[in-house]
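A.B. asks: Sharing a sequence plus its predicted fold:
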There are 2 protein chains.
Amino acid sequence: MFRESRQKDRGNNLRKEVLEIARDSISRVLPDKALAKVLSDHSFRDKIILVSVGKAAWRMAREALEKIPSIEKGVVLTKYGHSPGPLPPLRIFEAGHPIPDENSFRATMDILKMVEDLHPSDTVLFLLSGGGSALFEKPLPGISLDEFNQFTRDLLECGASIVEINTLRKRLSSVKAGRFANHVSPGKMVSVILSDVLGDRIDSIASGPAFPDSTSVADVHRILQKYHLQFSPKIMRYLEEETPKEISNVNTHVIGSVRILCEEALSSALERGFIPDILTTSLDCEAREAGAFIAAIAREKRKIKAAYDPPLALIFGGETVVRVRGKGIGGRNQELALSAAKGISGLDKVVVLSIGSDGTDGPTDAAGAVVDGETLKRLEQKGMDIDALLYDNDSYHALEITGDLIRTGPTGTNVNDLTLLLIG
Amino acid sequence: MFRESRQKDRGNNLRKEVLEIARDSISRVLPDKALAKVLSDHSFRDKIILVSVGKAAWRMAREALEKIPSIEKGVVLTKYGHSPGPLPPLRIFEAGHPIPDENSFRATMDILKMVEDLHPSDTVLFLLSGGGSALFEKPLPGISLDEFNQFTRDLLECGASIVEINTLRKRLSSVKAGRFANHVSPGKMVSVILSDVLGDRIDSIASGPAFPDSTSVADVHRILQKYHLQFSPKIMRYLEEETPKEISNVNTHVIGSVRILCEEALSSALERGFIPDILTTSLDCEAREAGAFIAAIAREKRKIKAAYDPPLALIFGGETVVRVRGKGIGGRNQELALSAAKGISGLDKVVVLSIGSDGTDGPTDAAGAVVDGETLKRLEQKGMDIDALLYDNDSYHALEITGDLIRTGPTGTNVNDLTLLLIG
């Protein structure tokens, strides 16, 4: 009896439940709370230096200062416009993103100077968030900013992928690929990472300043051959140098990532009586095709699910891409949702939610959208054609009309996107 | 011990096993066997008339003749070039596909004449396969072939979808939308369907000659309004006529469909010790994006699967589409597989197979392909660039080089495509 009445409730409340699961999971990957938890598990002794780098650097640094008043000095290095005010005793730098500029180099040199001559009992608390790759950068001696950025342009022009570019470029850096950890040695490091990179490759988050590098000189040779690349003798010599493969002075914590986001969604769905499954944490295909694929899964699961089976929650994390063809407004989560709305049209007790964990989706004021089997009908009742809207990349206006947009404002975290499919 | 050695075997044999699962499932949806089974379950009395329509009409009719020698007369109506020889006592017609021509109409009139004045104890054995929509057609009195085809062109030009076109067009037909069953009444029908339509909508297979129609005159009004359509008074009168909603003289069997294909794959995988799951039977997005999505699932399942967990078999049925940009050769299954190969590169004990159940994939001599974590490496070792090949839609040459093509020749059935992801 309880079960049945519960099922009935769920039918009406599926939209409410999917929003709650999304809200729960995002709130559980807010850096403040998770950072506080990591810090409370550590006992910091002697000198503590704080180095906070990335788009969330300011907020993470403020949290650390509150939790560890004994922090002696440190640096916050973030993107222009991303530091709301002073955080004494820290020095605050703003620099170029996504292309490093002189300020990136200056701030990075300042950080390197600060961690010179540490003792084994000293600790660098290193807080890293998205954007750190460009912000935290200083080329090895003899390479200028111009040379460094030209090197990147050469690689982009030859068609190398971002992974290939990073494999080469980190070898010209004095802080990437584990080298920052070497600078800090014999001091200790506690590294706390809020990741917006898919696939759990810690050494690829900001090219891993404090993590053993997984690429080798053999990879370098392969890439140089593939694109027939030649550089100056100075650069070639650096490219031939092997990166640190063992690092023993660093304790690493990932406090937020799209995987953790998905795992929190799984817990939240489980607590609500759903049978949850994480199908992927690295979704990277086109947004509208992902929506069509998820709708195809929805149709199958809807069809085979009996009324007395527990409800399902399928979880997808990642970062889809929008192929821009039209002049409309939208974001990857809204486009995925609109496309899914077409594919689940007419289905009972099915909802699809897609949301950017930072609370923004494309150049819109929405974070994403939640659609159901009636979304298409609502759109058509207003005389709108879903195919035309999708073709014009105008998911924002479509979902505004159907009342399916989600607006959260900035959430305070950034660990990529969450997509949920519930079958009630 | 047994389990471990089995796992080891499976690592080496995953390609072999996925090919066997595909072979098993396709062989279990061959129309001959399944048709024989259905026929042996029926007791046919008195007069039996055979009407076999579609691309597989000839082969299905031959099987029926063998199993039921008491078939008195009948018609085979198939596409030009699809009848290898006479099948006495049947009359054989070939006609236009995908656009009906005079021969379609003549053969359909012949069939209608043959089923006139039946008794309640007479049976029409109706065998329907893909292509039946165009082949089996006769407009209602007063509508010529030209008018009928112009009607279709008008609907295509205004941008109506195939579902919308069929909703209107079946109302001008004397055999679609259940009307053929009405002609046969009070005679009985046994309808045996080999389906190449996604989504189990029996009334949409060849627009359902012997199945209650699920569309209504209200749908017609909606479509006419949507596209601001006007037709001659004669046509408008026919459009306003409701189609049969109840049909009581027909016994329907679906002997093959992509759903049955997927269910057979599930059985076969289960027999081999895999934990199988059908994720969809109506995959309809872009082929390369589907490949990327399936690879994203593979990465997740590979990562979380412990060595002692049983192996997984994820099953996807449907019909993806290829967005043609380049000048290469390939098919939707090959393009899906090549794209998946990129996404699963480097993964251990992961294979993706995609195959057309009819044994052909695009304008190639391959039925599909099977790729693994080494496919990309094999391609790069030959100096090939996967992104360039994908961009050029040249999946056939890429997978020829890597040795990953599957060649089966015509399988004798046609129930759309099967895609399998195995995690060993």
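C.D. replies: Nice, thanks for sending it over.

A.B. asks: list the buried ones in stretch A:45-53?
C.D. replies: Within stretch A:45-53, the residues that count as buried by 16 or more other Cβ atoms under 10 Å in any protein chain shown are A:47-53. From N, CA and C alone the C-beta is placed, and that goes for glycine too.

A.B. asks: from these, which ones fall inside strands?
C.D. replies: Cross-referencing the buried residues of stretch A:45-53 against strands under DSSP state E gives A:48-53.

A.B. asks: Going by distance to A:Gly328, which of the buried residues of stretch A:45-53 wins?
C.D. replies: Taking Cβ to Cβ as the measure, A:Gly328 lies nearest A:Val53 of the buried residues of stretch A:45-53, at 35.9 Å.

A.B. asks: For that closest one, give its distance to A:Lys301.
C.D. replies: 43 Å (Cβ to Cβ, to the nearest Å).

A.B. asks: cool, A:Ser173 as well?
C.D. replies: 47 Å.

A.B. asks: Have a look at these two and say which one is more surrounded.
C.D. replies: Applying other Cβ atoms under 10 Å in any protein chain shown to A:Ser173 and A:Lys301 shows that A:Ser173 carries more neighbours, namely 25 against 20.

A.B. asks: quick one, what contacts whichever residue of chain A sits closest to chain B?
C.D. replies: Going by Cβ to the nearest Cβ, chain B is nearest to A:Glu289 of chain A, at 3.4 Å. Counting by Cβ atoms under 8 Å, 6 or more residues apart in numbering or on different chains, A:Glu289 makes contact with A:339, B:285-286, B:289-290, B:293.

A.B. asks: Between the residues you listed, identify the one with the most neighbours.
C.D. replies: Taking other Cβ under 10 Å as the neighbour criterion, B:Phe293 ranks highest of these with 34 neighbours.

A.B. asks: rewinding a little: most widely separated two among the ones in strands among the buried residues of stretch A:45-53?
C.D. replies: The most widely separated members of those are A:Ile48 and A:Val53, with 16.4 Å between them, by Cβ to Cβ.

A.B. asks: can I assume A:Thr78 sits in a helix?
C.D. replies: No. Counting by DSSP: H, G, I helix; E, B strand; the rest coil, A:Thr78 is not found in a helix; it is strand.

A.B. asks: OK, contacts around it?
C.D. replies: Contacts of A:Thr78 (Cβ under 8 Å, 6+ apart): A:52-55, A:57-58, A:92-95, A:131, A:135.

A.B. asks: and with 6 Å instead?
C.D. replies: Counting by Cβ atoms under 6 Å, 6 or more residues apart in numbering or on different chains, A:Thr78 makes contact with A:57-58, A:94.

A.B. asks: The closest residue in space to A:Gly81 that isn't next to it in sequence - how many residues pack around it?
C.D. replies: In space, and not counting its chain neighbours, A:Gly81 is closest to A:Glu94: 7.1 Å by Cβ to Cβ, 6 or more residues apart in numbering or on different chains. Using other Cβ under 10 Å, A:Glu94 has 19 neighbouring residues.

A.B. asks: Each with direction, which strands does the helix or strand encompassing A:Glu94 pair with?
C.D. replies: A:Glu94 belongs to strand A:90-95 when assigned by DSSP states H and E. When sheet partners are counted by DSSP bridges, strand A:90-95 sits next to strand A:73-79 (parallel).

A.B. asks: now the strand it pairs with: mean pLDDT?
C.D. replies: Mean pLDDT, computed over strand A:73-79, is 95.

A.B. asks: list the buried ones in it?
C.D. replies: A:74-79.

A.B. asks: And the residue nearest to A:Gly81, how close does it get to B:Ile48?
C.D. replies: From A:Glu94 across to B:Ile48, the span is 86 Å (Cβ to Cβ).

A.B. asks: Then A:Ser27?
C.D. replies: A:Ser27 is 68 Å from B:Ile48, where distance means Cβ to Cβ.

A.B. asks: try A:Ile68
C.D. replies: As for A:Ile68, its distance to B:Ile48 is 88 Å (criterion: Cβ to Cβ).

A.B. asks: where exactly do the strands run in chain A?
C.D. replies: Under DSSP E, chain A gives strands at A:48-53, A:73-79, A:90-95, A:123-128, A:188-194, A:250-256, A:275-283, A:312-318, A:350-356, A:368-372, A:405-406, A:417-423.

A.B. asks: Could you tell me the angle between the second one and strand A:123-128?
C.D. replies: Read it as strand A:73-79. Here the directions of strand A:73-79 and strand A:123-128 differ by 10 degrees (axes from the mean of the first three to the mean of the last three Cα atoms, to 10 degrees).

A.B. asks: now strand A:73-79: how far from the chain's centre is it?
C.D. replies: Its chain's average C-alpha position is 20 Å from that of strand A:73-79, according to Cα atoms, centre = their mean, to the nearest Å.

A.B. asks: now the fourth one
C.D. replies: The offset between the C-alpha centroid of strand A:123-128 and the centroid of the whole chain comes to 19 Å, using Cα atoms, centre = their mean.
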